[in-house]
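In: fold the following for me, if possible:
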Amino acid sequence: MIDLISLGIEGTAEKTGVGIVDSDGNILAMAGKQLFPEEGGIHPRLAAEHHAEWIPKLIPQAIEESGLSYSDIDLISFSQGPGLGPALRIVATSARSLALSLKKPIIGVNHCIGHVEVGKLDTGAVNPVSLYVSGGNSQVIAYESGRYRIFGETLDIAIGNCLDHFGRETGLGHPGGPVIEKLAKKGSYIDLPYIVKGMDFSFSGLLSAALREHEKGTPMEDICFSLQETAFSMLVEVTERALSHTQKDEVMLCGGVSANSRLREMLKTMSEEHGAKFYMPEMKLCGDNGVMIAWLGLLMCNEFGPMDLSDTGIIQKFRTDEVDIPWIDNSKSYLTLPDELIAKGAESNIVKSEYLGEKAVLKDRISKKYRISEIDNKIRKSRCKLEARLLSDAKRAGVVTPVLYDINLEDKSILMEEIEGVMVKDIIDDDLAFRIGENISRLHSADIIHGDITTSNIMLRDDQLVFIDFGLGRHSQLEEDKAVDLLVLKKSLQSIDYNLAVKYFDLVLKGYDNEKVAGHISDIESRGRYTH
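Out: Below is the predicted model of the structure:
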């Protein structure tokens, strides 16, 4: 990397930050100021006014802390998005003004990627699956094929927003997360909706249910305990699915909600169960800060050079997967499975077995230590029963699935035919993509939602496509649920080869042949993301 010193300005939401970093990753200064609204959430205009007041104060503060002069700064970096529009405009204008006055180059960067990269800088993680959780973002991110891919994300509101909204509505105050965490330590479990859809999660229904419990007079400690346990279990499960799919051996937690000790404990436990290393940057680097912007600016400038001023406009809905990331070593460290396991998924251990002399596999839904027993037992039992039923229903719909031999609800296990073939992710081509679409259409015509249609859960045996792992499946007539099913596959295809994913998914939709359902996909993709 070229030897440079970068000053970064952050201000995507309620936190204003200025940081100075050199090319060796040394943090030379870190200054910040947070807006605490008196009531309600973060208003975009108030956030913008906060940045306008504090950026001119924090820049000289950071310069003084670093012991440098303005002439020592080589690069001005700023958050280009995602975030609140008025807030981003103040940041961009401030960065442009500073760059012009100092006659220094400028570069805008993706806020979400800044969290991941500063986390790697601080922890030494190389190529982790990252759970990024904050007030405005909830994503499971991992590097594949030249970019950071979003393997899972919220379908509506972010986890931080969920906790803050609950805090405001119930009088706990803002931010809600710390108060909820404190009250949760004294609570007991009450049943709340657990909503994982493939590789994505949804918090709006959970929030509404928690608020209804408050209206009924349920003890606040019990609501906080159950809200936290349910929401975090959903986040960790999807992270576990991404870890299982990518087979990486590192997990990292980042973002402001990382402050919650229970979430850290759960993610660390899950990582250890899979034999993966767990990382989390020091807390001051987890929340929004200028250091992460300065560091990512150096990485981007080293690869692509600085931007023209004409390219420094804000990108309010700046997707994590829109940025080329050429600096990561794509050689993977893979998880090592014990000899007796065929696979270790997020749902189950897949163990070799036999049935009446035939080769079989036992899908053993093992207890998850990161989940409390009430949630764990409920999920394992209900999914076991439903999967057994869906395997038969899918056959009647004309889709090939493994033959079901036995089900044991006490052990939460299913014994089924072993499929001797190859995973579609290793052999995908145009013909297979079209045929996959035809098969998904058959499932959806029977109102069967697979729930986890990834290229790891479709196999080719001889010339026959076999759909496996209906562990997240259910029945639904809703077109949106069917569109979410397809969206899971789209993300899975992107993780194989981003350049070919568009072509393959178009062929899937051609085979699927239902424009009405397919029309919901873009709406789902754009809804509720990066709203802070």
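
In: quick check: pLDDT value at the nearest residue in space to residue 229 that is not next to it in sequence.
Out: With sequence-adjacent residues excluded and distances taken as Cβ to Cβ, 6 or more residues apart in numbering, residue 229 is closest to residue 372, at 5.3 Å. C-beta coordinates here come from the backbone N, C-alpha and C atoms, glycine included. According to the prediction, residue 372 has pLDDT 97.

In: low-scoring stretches of the stretch 351-500 of the chain, by residue?
Out: Of all residues in the stretch 351-500 of the chain, none has pLDDT under 70.

In: hmm, I was thinking of the chain
Out: The chain contains residues with pLDDT under 70 at 1, 37-41, 330-342, 527-532.

In: which segments of it make up each domain?
Out: 5-120+286-322, 124-283, 341-417, 422-526 (automatic domain parsing).

In: out of the ones you listed, which gets nearest to residue 328?
Out: Closest approach to residue 328 among those (Cβ to Cβ): domain 124-283, 5.2 Å.

In: residue 104: neighbouring residues, count only.
Out: Other residues near residue 104 come to 17 when the count uses other Cβ atoms under 10 Å.

In: quick one: the residue nearest to it when sequence neighbours are not counted from residue 290, how far?
Out: In space, residue 104 comes closest to residue 76 once its chain neighbours are excluded; the distance is 5.4 Å by Cβ to Cβ, 6+ apart. To residue 290, residue 76 is 11 Å away according to Cβ to Cβ, to the nearest Å.

In: ok, residue 313 next?
Out: Between residue 313 and residue 290 the distance, using Cβ to Cβ, works out to 20 Å.

In: neighbours around residue 168, how many?
Out: Neighbour tally, residue 168, other Cβ under 10 Å: 17.

In: again with the one 10 residues further on
Out: The burial metric for residue 178, expressed as a neighbour count using other Cβ under 10 Å, is 14.

In: residue 323 and residue 110 touch, don't they?
Out: Yes - the pair residue 323 / residue 110 is scored as a contact, 5.2 Å apart, by Cβ atoms under 8 Å.

In: which one's more surrounded, the two?
Out: Set residue 323 next to residue 110 and count neighbours by other Cβ under 10 Å: residue 110 wins out with 25 against 16.

In: and the more buried one, what does it touch?
Out: The contact partners of residue 110, by Cβ atoms under 8 Å, 6 or more residues apart in numbering, come to 80, 81, 82, 296, 318, 320, 322, 323.

In: verify the contact between residue 380 and residue 365 for me.
Out: Yes - between residue 380 and residue 365 a contact is recorded at 4.5 Å, counting by Cβ under 8 Å.

In: common neighbours of these two, please.
Out: What both residue 380 and residue 365 touch, as defined by Cβ under 8 Å, 6+ apart, is the set residue 412.

In: overlap of the contact sets of residue 76 and residue 290?
Out: Here residue 76 and residue 290 share the contacting residues 7, 9, scored by Cβ under 8 Å, 6+ apart.

In: these two: which is more packed in?
Out: Set residue 76 next to residue 290 and count neighbours by other Cβ under 10 Å: residue 290 wins out with 33 against 29.

In: name the nearest residue to that one, ignoring sequence neighbours.
Out: Using Cβ to Cβ, 6+ apart and skipping residues adjacent in sequence, the residue nearest residue 290 is residue 19, 3.2 Å away.

In: what's the helix or strand that contains the one you found packed up against?
Out: Residue 19 is part of strand 15-22 when elements are defined by DSSP states H and E. Applying 3 or more Cβ pairs under 8 Å, 6 or more residues apart in numbering; DSSP states H and E, we find strand 15-22 packed against strand 5-10, strand 27-34, helix 44-66, helix 290-304.

In: what sits up against the longest one?
Out: Think helix 44-66. 7, 9, 11, 13-14, 16-20, 28-33, 35, 37, 69-70, 73, 84-87, 89-91, 94, 98, 290.

In: ok so, going back, need the contact list for the residue nearest to residue 229.
Out: Here residue 372 is in contact with 189, 229, 233 (criterion: Cβ under 8 Å, 6+ apart).

In: my guess is the second one meets residue 189, correct?
Out: Yes - here residue 229 reaches residue 189: they are 6.9 Å apart, a contact under Cβ under 8 Å.

In: quickly list what's touching both of the two.
Out: Taking Cβ under 8 Å, 6+ apart as the criterion, residue 229 and residue 189 both touch 372, 375.

In: the more surrounded of the two?
Out: A count of neighbours by other Cβ under 10 Å puts residue 229 above the other of residue 229 and residue 189, at 22 against 15.

In: thought residue 278 was touching residue 272, still the case?
Out: Yes - Residue 272 lies in contact with residue 278 (Cβ under 8 Å); the separation is 7.0 Å.

In: and those two? Which one has more around it.
Out: A direct count of neighbours by other Cβ under 10 Å for residue 272 and residue 278 places residue 278 higher, at 19 against 14.

In: the more buried one belongs to a strand?
Out: Yes - counting by DSSP: H, G, I helix; E, B strand; the rest coil, residue 278 is found in a strand.

In: who does it bridge with?
Out: residue 251 (DSSP bridges).

In: gap between it and residue 510?
Out: To residue 510, residue 278 is 42 Å away according to Cβ to Cβ.

In: likewise for residue 32?
Out: From residue 32 across to residue 510, the span is 50 Å (Cβ to Cβ).

In: more crowded one of those two?
Out: Higher neighbour count among residue 32 and residue 510: residue 32, with 21 against 13, using other Cβ under 10 Å.

In: for the more buried one, give me its contacts.
Out: With Cβ under 8 Å, 6+ apart, residue 32 has these contacts: 10, 15, 16, 17, 18, 58, 289, 290.

In: surely the fourth one meets residue 34?
Out: Looking back up the chat, that one is residue 17. No - the pair residue 17 / residue 34 is not scored as a contact, 9.1 Å apart, by Cβ under 8 Å.

In: quick one, which of the two is more surrounded?
Out: Neighbours were counted for residue 17 and for residue 34 using other Cβ under 10 Å; residue 17 has more, 29 against 14.

In: in strands only, show me the contacts of residue 110.
Out: 80, 81 (DSSP state E).

In: top of the contacts of residue 110 by number of neighbours, please.
Out: residue 296 (28 neighbours).

In: residue contacts, that one?
Out: By Cβ under 8 Å, 6+ apart, the contact set of residue 296 is 8, 77, 109, 110, 113, 114, 117, 118.

In: how about the helices in the stretch 301-450 of the chain?
Out: 373-396, 430-445 (DSSP state H, counting those that start in this stretch).

In: from what I can see residue 287 touches residue 256, true?
Out: Yes - between residue 287 and residue 256 there is a contact at 4.4 Å, judged by Cβ under 8 Å.

In: shared neighbours of these two, anything?
Out: Listed as contacting both residue 287 and residue 256 by Cβ under 8 Å, 6+ apart are residue 134.

In: ok, the contacts of residue 110 vs residue 128, which is closest?
Out: Looking across those and measuring by Cβ to Cβ, the closest to residue 128 is residue 320, at 14.3 Å.

In: contact partners for the closest one?
Out: Counted by Cβ under 8 Å, 6+ apart, residue 320 has contacts 110, 112, 113, 139, 141, 148, 150.

In: any chance of those in CSV, plus secondary structure?
Out: Output for these, formatted as CSV (three-state DSSP):
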residue, secondary structure
110, strand
112, helix
113, helix
139, strand
141, strand
148, strand
150, strand
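
In: of those residues, which is the nearest to residue 163?
Out: Lowest distance from residue 163 to those (Cβ to Cβ) belongs to residue 139, with 16.5 Å.
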